[in-house]
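**Q** this one's sequence-less:
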């Protein structure tokens, strides 16, 4: 038997107190040493541990227990649970190929500049880096900070455009909305940067009023008269 029952010592305490099983049978079923089971029976071990009924917990059937009590050579078999507990898969760190690991600092520089709203955990999910590396690039203390060139991680193949858009959307949802005063101030800045319509109209009118260059009138007779006056060469 490879699997032990739940709470082996508590199960052994119950089997010692409530059954006529031998120490060897209990030891084999609970994955304990026979001397340890004997110490439980003598009260030298597992003091203060409350016995647990393996029948009520579905780990042992009553028929199996009766067979073992009738035959000292019979080994108890752990009953298979009918309830399947799903296993939770832990997310592993994002794997980055060795050939692209040297491009990660450039991608981090691009993300911190183009999307400052992204958290360190989001950047880690996108390009598979560490928090210390991100902090070093943000503060400029990275060992190769002077040679870093911001590059899009999607272009480098470190993440997909869909993954980047999802992280940016999540980051923008967490950001507090701008107050009406901040929105008005931003609108005023944009308005000041634009050229007024009146100024553009005045500039166009000035160009229209400028004196055009008077083109010299060309007459066909004057053009051909020059060819007539030119002496012909000897044939």
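**A** Yep, that arrived. Keep in mind that this is a model prediction, so the values were computed, not measured. Residues are numbered from 1 along each chain as shown.
**Q** okay, and the helix or strand of this structure with the least pLDDT?
**A** Ranked by mean pLDDT, DSSP states H and E, the helix or strand of the chain with the weakest confidence is helix 197-209, at a mean of 54.
**Q** Residue 112 is in contact with residue 135, isn't it?
**A** No: in this structure, residue 112 is not within contact of residue 135 by C-beta atoms under 8 Å, at 10.2 Å. C-beta: built from backbone N, CA, C; applies to glycine.
**Q** Between the two, which has more neighbouring residues?
**A** Taking neighbours as other C-beta atoms under 10 Å, residue 112 and residue 135 compare with residue 112 leading, 16 against 12.
**Q** so which strand or helix has the more buried one?
**A** Using DSSP states H and E, residue 112 falls within helix 104-114.
**Q** Show the subsequent helix or strand relative to that helix.
**A** Where DSSP H and E defines the elements, the next helix or strand beyond helix 104-114 is helix 120-127.
**Q** Which strands or helices does that next one pack on?
**A** Identification of packing neighbours for helix 120-127 by 3 or more C-beta pairs under 8 Å, 6 or more residues apart in numbering; DSSP states H and E yields helix 104-114, helix 131-139, helix 161-174.
**Q** Show me which residues of that helix are buried.
**A** In terms of neighbour count (16 or more other C-beta atoms under 10 Å), helix 120-127 has its buried residues at 120, 122-127.
**Q** which other residues reach it?
**A** 94, 96, 104, 107-108, 111-112, 129-131, 134-135, 153, 158-159, 163-164, 167, 170-171 (C-beta atoms under 8 Å, 6 or more residues apart in numbering).
**Q** domain assignment for this structure?
**A** Split into domains by automatic domain parsing, the chain comes to 8-70, 98-174.
**Q** The ones you listed into CSV, with extra columns for mean pLDDT and distance to residue 79?
**A** What follows is the domains of the chain, written out as CSV (pLDDT from 0 to 100; distance: least, C-beta to C-beta, whole Å):
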stretch, mean pLDDT, distance to residue 79
domain 8-70, 89, 5
domain 98-174, 90, 43
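**Q** With distance to residue 181 as added columns, please give these in JSON lines.
**A** Converted to JSON lines, the domains of the chain look like this (distance: least, C-beta to C-beta, whole Å):
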{"stretch": "domain 8-70", "distance to residue 181": "65"}
{"stretch": "domain 98-174", "distance to residue 181": "20"}
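**Q** Nearest to residue 76, out of those domains?
**A** domain 8-70 (4.1 Å; C-beta to C-beta).
**Q** could you pull out the strands for the chain?
**A** For the chain, no strands are identified by DSSP state E.
**Q** Helices of that one, residue ranges please.
**A** 8-18, 23-30, 34-42, 62-70, 104-114, 120-127, 131-139, 153-156, 161-174, 180-193, 197-209, 220-229 (DSSP state H).
**Q** Report the mean per-residue pLDDT for the last one.
**A** Helix 220-229 carries an average pLDDT of 62.
**Q** Next, find the distance separating residue 114 from residue 99.
**A** Applying C-beta to C-beta, to the nearest Å, the value for residue 114 to residue 99 is 24 Å.
**Q** In CSV: the buried residues of helix 120-127, plus distance to residue 140.
**A** Formatted as CSV, those follow (distance: C-beta to C-beta, whole Å):
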residue, distance to residue 140
120, 16
122, 21
123, 16
124, 20
125, 24
126, 21
127, 19
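**Q** Might one say that residue 128 is in contact with residue 104?
**A** Yes: when contacts are counted by C-beta under 8 Å, residue 128 is listed as touching residue 104 (7.3 Å).
**Q** Compare the two (neighbour count), which wins?
**A** Using other C-beta under 10 Å as the criterion, residue 128 and residue 104 rank with residue 104 on top: 22 against 17.
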